[in-house]
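J.: Prediction below, plus the sequence it came from.
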Amino acid sequence: MNPQCSRCNKVVYPTEKVNCLDKYWHKGCFSCEVCKMTLNMKNYKGFDKKPYCSQHYPKTSFTIVADTPENLRLKQQSKMQSQVLYKEDFEKNKGKGFSVVSDTPELQRVRKTQDQISNIKYHEDFEKSRMGGEGTPTDAFPNPGYQQPPQSQQPPRSPSNNYDPQPHVRSAAVPPPSSGGKRYRAVYDYAAADEDEVSFADGDMILDVQQIDEGWMFGRVERTGQQGMLPANYVEAI
């Protein structure tokens, strides 16, 4: 008894019979399920016991699976749960600011390091301001025998007159006064700190001045008639 065609359900005779995919087909009925193109045993592709051409052969992909109603529902449910958890965490931490984060050991170490750097920078700037940009600050190592003038009358600290008038830098021998010395005018008050020094006031005329070294001179105060050693940066030449 001759079988029936799986496509048209008519009897298939042996001369036109095609046996494939566990079914029987007429040669003309053995075609693609989508485009109806006639196939043969060399170019067909079977899927779920149905013939397909290579163009319309079903391809399994995750896109098809992800678009199923069940997966779409699960994806939407997961998204809603994530939003709920985010809102709960936001409400719990709202108003707390960064207190929790700022108390971590790592941030405490960074903050301590920044404070140390700021303190070092502050001291460097402070020392530079005392030195006037370069040299050694004269206020850092005061001379016990040296009396500073009032703050408003201190001489300017510049590289040309930045020195420390200490007794050890002066010459041991005091030269005698000379009538051919230069004339200077005091620009600051100065109180003698040693027996061989002379005191004077701002504006006093200093006569018979002789240079002893870079920081000290010898001269006579015209107003008082006293003579002795005096700091060079307290007077100016006339």
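T.: Thanks, I have it. Residues are numbered from 1 along each chain as shown.
J.: Please point out which parts of the strand or helix carrying V209 sit buried.
T.: For V209, the element it lies in under DSSP states H and E is strand 205-211. For strand 205-211, burial by neighbour count (16 or more other Cβ atoms under 10 Å) applies to 205-209. (C-beta placed from N, C-alpha, C; glycine too.)
J.: Return the set of buried residues in the helix or strand just after that strand.
T.: Going down the chain from strand 205-211, the next helix or strand is strand 216-221, by DSSP H and E. Under the neighbour-count criterion of 16+ other Cβ under 10 Å, strand 216-221 has 216-221 buried.
J.: got it, and stretch 227-238?
T.: 227-235.
J.: Repeat that for stretch 189-200.
T.: Quick answer for stretch 189-200 (16+ other Cβ under 10 Å): 189-190, 193, 197-200.
J.: Can I get that stretch as PDB, trimmed to CA atoms?
T.: The C-alpha trace of stretch 189-200 is given here as PDB (Å, rounded to 0.1, in the frame of the first residue of the first chain):
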ATOM      1  CA  ASP A 189      67.300 105.100  66.800                       C
ATOM      2  CA  TYR A 190      70.100 102.900  68.200                       C
ATOM      3  CA  ALA A 191      71.000 102.200  71.900                       C
ATOM      4  CA  ALA A 192      74.500 101.200  72.600                       C
ATOM      5  CA  ALA A 193      74.800  97.500  73.700                       C
ATOM      6  CA  ASP A 194      78.500  97.600  74.500                       C
ATOM      7  CA  GLU A 195      81.100 100.000  76.000                       C
ATOM      8  CA  ASP A 196      82.800 100.700  72.700                       C
ATOM      9  CA  GLU A 197      79.400 101.500  70.900                       C
ATOM     10  CA  VAL A 198      77.700 104.900  70.700                       C
ATOM     11  CA  SER A 199      74.000 105.700  70.900                       C
ATOM     12  CA  PHE A 200      72.100 108.000  68.600                       C
END
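J.: Mean confidence (pLDDT) on it, please.
T.: On average, the pLDDT along stretch 189-200 is 92.
J.: Check stretch 203-221 too.
T.: 92.
J.: Alpha carbons of that stretch, in PDB - could you do that?
T.: The C-alpha coordinates for stretch 203-221 follow below in PDB (Å, rounded to 0.1, in the frame of the first residue of the first chain):
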ATOM      1  CA  GLY A 203      68.100 112.200  62.200                       C
ATOM      2  CA  ASP A 204      71.400 112.600  64.100                       C
ATOM      3  CA  MET A 205      74.500 113.600  62.100                       C
ATOM      4  CA  ILE A 206      77.400 111.100  62.300                       C
ATOM      5  CA  LEU A 207      80.700 112.700  61.500                       C
ATOM      6  CA  ASP A 208      84.200 111.400  60.800                       C
ATOM      7  CA  VAL A 209      82.800 108.000  59.800                       C
ATOM      8  CA  GLN A 210      85.200 105.200  59.000                       C
ATOM      9  CA  GLN A 211      84.200 101.800  57.700                       C
ATOM     10  CA  ILE A 212      85.400  99.000  60.000                       C
ATOM     11  CA  ASP A 213      83.900  96.000  58.100                       C
ATOM     12  CA  GLU A 214      80.700  95.100  56.200                       C
ATOM     13  CA  GLY A 215      78.400  95.600  59.200                       C
ATOM     14  CA  TRP A 216      80.100  98.100  61.500                       C
ATOM     15  CA  MET A 217      81.500 101.700  61.300                       C
ATOM     16  CA  PHE A 218      83.300 104.100  63.700                       C
ATOM     17  CA  GLY A 219      82.000 107.600  64.000                       C
ATOM     18  CA  ARG A 220      81.100 110.600  66.200                       C
ATOM     19  CA  VAL A 221      77.600 111.800  66.900                       C
END
